[in-house]
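1. sequence and predicted structure, then a few things I'm wondering about:
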Amino acid sequence: KRKEDYKLRELRIFLRDICRKLASNRRFYKFTKPVDLEEVTDYLDIIKQPMDLETMMTKVDMHKYNCAKEFLDDIDLICANALEYNPDRTSSDKQIRHEACSLRDHAHALIEVEMDSDFEIECQDIAKRR
Ligand SMILES: COC(=O)N1C[C@@H]2C[C@@H]3O[C@]2(Cc2nccnc23)C1
């Protein structure tokens, strides 16, 4: 085990906790599981890269994230997808857009507060090398 492997294990433990907190917030319920493609039959015609919090938790376990920025890129993808698929002036579209923006801002704020900035810089250097 190299020194940087211990750093990445610490990152995984941190990201699982962030993911758990987001997924347990009832405001973000719509983003906890993949959109049901049998119910929403045109989803993949519009959204080319679906993402959700359960998939992100699996990606943590699969060592897919080498720094918090890569994790936040997937959070931003969840948000962008919701804004793109739900663009209308209807109250339901407005509500899911508001929830998506809230998820994005909450995730960034949570990581900002809980993450040591030097640790993220070290992780981003590891990410560049891989
Ligand atoms: C992240 O979630 C979403 O972007 N959506 C869009 C879909 C449209 C609407 O709400 C969603 C699920 C759904 N299922 C059945 C019928 N209509 C809907 C959730």
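-> Received the coordinates, thanks.
2. contact residues of this protein facing the ligand?
-> 30-31, 35-36, 39-40, 82, 85-86, 96 (Cβ under 6 Å from any ligand atom). Backbone N, C-alpha and C define where each C-beta goes, glycine included.
3. same list (those) but as TSV, adding pLDDT.
-> Formatted as TSV, the residues of the chain next to the ligand follow (pLDDT from 0 to 100):
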residue	pLDDT
Lys30	98
Phe31	99
Val35	98
Asp36	98
Glu39	98
Val40	98
Ala82	99
Tyr85	98
Asn86	98
Ile96	98
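4. quick one: which of the residues you listed is nearest Ala127?
-> When those are compared for distance to Ala127 (Cβ to Cβ), Phe31 wins out at 24.3 Å.
5. is the closest one in contact with Thr55, as I believe?
-> No - contact between Phe31 and Thr55 fails when scored by Cβ atoms under 8 Å: they sit 10.2 Å apart.
6. with neighbour numbers in mind, choose between these two.
-> Neighbour totals were compared for Phe31 and Thr55, and Phe31 leads with 26 against 15 (other Cβ atoms under 10 Å).
7. need the contact list for the more buried one.
-> By Cβ atoms under 8 Å, 6 or more residues apart in numbering, the contact set of Phe31 is 22, 52-53, 78, 82, 99-100, 103.
8. still on that earlier bit, of the residues of the chain next to the ligand, which belong to helices?
-> Judged by DSSP state H, the residues of the chain next to the ligand include 82, 85, 96 as members of helices.
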